[in-house]
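Colleague: model this:
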Amino acid sequence: MDATQINPQTTRSLLHRVAPGLHTFIHYNYNWLGRDLSAGLSVAAIALPVGIAYSAIAAVPPVVGIYSSIFPLFAYALFGSSRQLMTGPDAATCIIVAAGLTPLANGDPERYLALLVVLTIMTGLLYIGAGFLRLGFIANFLSNPILTGYLNGVALIILAGQLKTFLGYSSKEGEFYLQLTELIYKMKEFHYPTVILGVGLLIVLIVMKRRLPKIPGAMVVVILGIVAVIALDLKQVGVAVLGEVPAGLPAFHFTTLNLEVFRHIFGDAAGLVLISFTSGILTAKSFARRNQYEIDSNQELFAFGACNLASGLGQGFPVTGADSRTAVNDAMGGKTQMVGMIAGLTMLLVLFFGTAPLAEVPSTALAAVIMVSAVGLLDTSSLRDLFRTSRREFFLSIITTVGVLVLGALPGVILSVALSLLWLLTVAARPHSAILGRVQGVKGFHDILDYPNARTIDGLLLFRFQGNLVFFNVDYFRECLFEAIAASKTPIEWVVLDASPINVIDATAVQKLDEIRNELAPRGIVLVEAQARENLRRFFEPEWVRKRKELWGSNIYPTLKSAIHAFHQYKNAKTGLPPPD
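Modeller: Predicted coordinates:
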C-alpha cells in the first residue's frame, strides 16, 4: 500500500474528533429534521431578543448583540461535542466586558468597539491554546459554592443596573450600592408610562416562563412591546425605544494595542475564559447527562474558541454556553447540532430583512428580559443546601457574592480564583491524621476514632497522614505526629508511618522526615515507613533514591503487617519472648 494514500477510516475518525458537528451533518438522520427545525426556530425566537437585551449590559449597540447571537452558533454546530448546547451572549461575560473595556475606551464608542473585537478574538485564541494544552480540567477549577456566589453577585449587579431603564429615570451611577440608594431619591423622576409598560411586560414574561415554558416569552414580550409603542404612540409620551438597527453584515472594527492596554485585555480575556468555560461546560454536561451521552471537555475548549473567534470576526462580544437557550432546545426536542444552524440562519434572515420593526422595541421590555434572566442566575436553593451541609462553604459563597458587589465583576473573578486556591490549600495543608488499630471482624487497620474498640499494640504507634506531604503541610504533619505520641497511654518505642495515602512528596518533606527521625532517636523512638508508593521516586533523581534506600532501607517496609512483625522481632530481641501470631 502506498504510504501517501489516506486511510478513509482514519480520516473519518479524525473528522469526528476535530469537528463532531460536521460528522453529524454528513451522517444526518432526516427523521430528526422536524424536531430540529422546531427547536431551531424556538431558539432563534428567544436568542434574538436576549442578544439585543444583553448588548445593553455589554454597553454596545443592539446590533452587536445580534452578531454575537448568530455567528457563534455556526461555529459551535461544527466543532462542539454537545448535541443540545446553544452558545451566545451571557450576562456574566457581558458585565465583565463592560467593566474591563469602559476605562480603556475613555468614552470613545469607536475605540470601545475596536477593543471589543480584540478582546473577543483574544478570548477565542486563549480558548484554543487551552485546548491544545488539554486544560479541560479547568472546568472543575471553581468549586460550585464559589461559582454560585460569583453568579449571585453578577445577578444582583445586573438587576440594579437595569432599574433606570425599567423605570425610565436617568442615572450615571455605576456602583451597586449607589444604584440602590439612588433609587429612593429618584422616585420622583420615574417615568410612569415606562413603568406601567415595563411592569405589564414583566408580568407577562414571568407568567409565560412559569405556565408556558415552551413558548419563547422573550420574543412574545418584545412583540407586545412593539405593538404597544405603535398602537398607543408611546414615543410621543417619552417611552424610550431601541432605535434603528442597521441591516446586513457588520463593518469591521479593529485597533492596535500598546503594551499596557494589551496586558489589560489579556487579563480580561483570561478571566473570561475561566468564568465562561466553567459556566458553559456545566450547562453542556448537565444536558448531556440528561440525554445520556458524554461530552469531551477538551473539545469544548476548541469549540468555545471557535465560537469566540467567529463572534470577534463578526464584530460581536465574547460568548459561552447559554443555559436558557439550551433549555429551550432541549424542551422542544432538538436532537443534533443542526438546531444551532437553523437558529443562526433564522436570525441571519432577520438581520438582513427584518430589522425595521426592531427600532420600535421599548427599552423597558429589554430591561424586563434582562431582569428575568438575572433572576434565573440567582441560586438561593444551593445556598440553603450549603447552609445545611457545610457552613464553611456557605460563607465562602457569601464572601464571593459580597466581593463581586463591592469590588466589581473583574476583581470578583480574581477573588473567586483566590478563594478557590485558598480552599484547596486549606484542605491540602491540614489533612486528617489517624492512629490506626485492628478491629475484630473487620479486615485491615482503621482509625481508632471511627472504631473506639479498635486494638492498638503497646509501644507501637501506627500513624496515617491522609494527604500529600509537601513543604506547606510538613510542619502540621510533625505537630500531629508528636501530639499522637504524647497522647499514647503507653510509652512509644516505634512509630510506623502508613504512607499509602501519600501520592506527592517533595524534598522539604523528605528533609523534615529525616529531622523528625533524628529528633525521636534520643527519646528511644524509631520512625519507620510502610506502604510507600513506588511512584514517589519519580520526584527525585534515581541516584539519590538509590543512596537513600541504602541508608534507610532497614526502616522501610512494604506493608503494615511486615512493619508490625519487625516491631515484634525488635521486642523479642529485647525481652526474649517469642513474637505473637
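Colleague: Might you report the residue contacts of Ile121?
Modeller: By Cβ atoms under 8 Å, 6 or more residues apart in numbering, the residues touching Ile121 are Asn308, Leu309, Gly312, Leu313. Quick note: C-beta positions are derived from backbone N, CA and C, even for glycine.
Colleague: Turn these into TSV, columns for pLDDT.
Modeller: Output for the contacts of Ile121, formatted as TSV (pLDDT from 0 to 100):
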residue	pLDDT
Asn308	97
Leu309	97
Gly312	94
Leu313	93
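Colleague: Of the residues you listed - the most surrounded one?
Modeller: Most neighbours among these, by other Cβ atoms under 10 Å: Asn308, with 35 neighbours.
Colleague: Now do the SS call for Glu529.
Modeller: Using DSSP: H, G, I helix; E, B strand; the rest coil, the structure places Glu529 in strand.
Colleague: Same question for Glu173.
Modeller: Assignment for Glu173 (three-state DSSP): coil.
Colleague: Is it in contact with Glu182, as I believe?
Modeller: Yes - counting by Cβ atoms under 8 Å, Glu173 touches Glu182, with 5.2 Å between them.
Colleague: buried ones in whatever helix or strand Gly340 lives in?
Modeller: Element membership for Gly340 (DSSP states H and E) is helix 338-353. Neighbour-count burial for helix 338-353 flags Met338, Val339, Gly340, Met341, Ile342, Ala343, Gly344, Thr346, Met347, Leu348, Val350, Leu351 (criterion: 16 or more other Cβ atoms under 10 Å).
Colleague: quick check, nearest of those residues to Ile146?
Modeller: Here the nearest of those to Ile146, counting by Cβ to Cβ, is Gly340; it sits at 30.0 Å.
Colleague: Let me see the contact set for Asn535.
Modeller: So Asn535 contacts Asn503 (Cβ under 8 Å, 6+ apart).
Colleague: Can you give me the distance of it to Asp506?
Modeller: Using Cβ to Cβ, to the nearest Å, one gets 14 Å for the distance from Asn535 to Asp506.
Colleague: repeat for Val417
Modeller: 24 Å.
Colleague: same deal with Ala240?
Modeller: 62 Å.
Colleague: likewise Leu205?
Modeller: From Leu205 to Asp506 the distance is 56 Å (Cβ to Cβ).
Colleague: Comparing those two, which residue is more hemmed in?
Modeller: Shown here are Leu205 and Asp506; by other Cβ under 10 Å, Leu205 has more neighbours (22 against 16).
Colleague: Assess the claim that that one and Ala367 are in contact.
Modeller: No - the criterion here is Cβ under 8 Å, and Leu205 misses it with Ala367 at 10.9 Å.
Colleague: lowest confidence element among the helices and strands of this protein?
Modeller: Lowest by mean pLDDT, DSSP states H and E among the helices and strands of the chain is helix 8-18, with a mean of 65.
Colleague: The stretch 351-500 of the chain: helices as residue ranges?
Modeller: Secondary structure of the stretch 351-500 of the chain (DSSP state H, counting those that start in this stretch): helices at 363-377, 380-389, 391-407, 409-429, 474-487.
Colleague: Which of these has the highest mean neighbour count?
Modeller: helix 363-377 (a mean of 24; mean count of other Cβ atoms under 10 Å).
Colleague: and that helix, C-alpha only, in PDB?
Modeller: This file holds the C-alpha atoms of helix 363-377, laid out as PDB (Å, rounded to 0.1, in the frame of the first residue of the first chain):
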ATOM      1  CA  SER A 363     -36.100  49.700  26.200                       C
ATOM      2  CA  THR A 364     -38.200  48.800  29.200                       C
ATOM      3  CA  ALA A 365     -39.200  45.500  27.500                       C
ATOM      4  CA  LEU A 366     -35.500  44.600  27.100                       C
ATOM      5  CA  ALA A 367     -34.800  45.600  30.700                       C
ATOM      6  CA  ALA A 368     -37.600  43.100  31.700                       C
ATOM      7  CA  VAL A 369     -36.000  40.400  29.700                       C
ATOM      8  CA  ILE A 370     -32.600  41.000  31.300                       C
ATOM      9  CA  MET A 371     -34.100  41.200  34.800                       C
ATOM     10  CA  VAL A 372     -35.800  37.800  34.400                       C
ATOM     11  CA  SER A 373     -32.600  36.300  33.100                       C
ATOM     12  CA  ALA A 374     -30.700  37.800  36.000                       C
ATOM     13  CA  VAL A 375     -33.200  36.300  38.500                       C
ATOM     14  CA  GLY A 376     -32.500  33.000  36.800                       C
ATOM     15  CA  LEU A 377     -28.800  33.300  37.700                       C
END
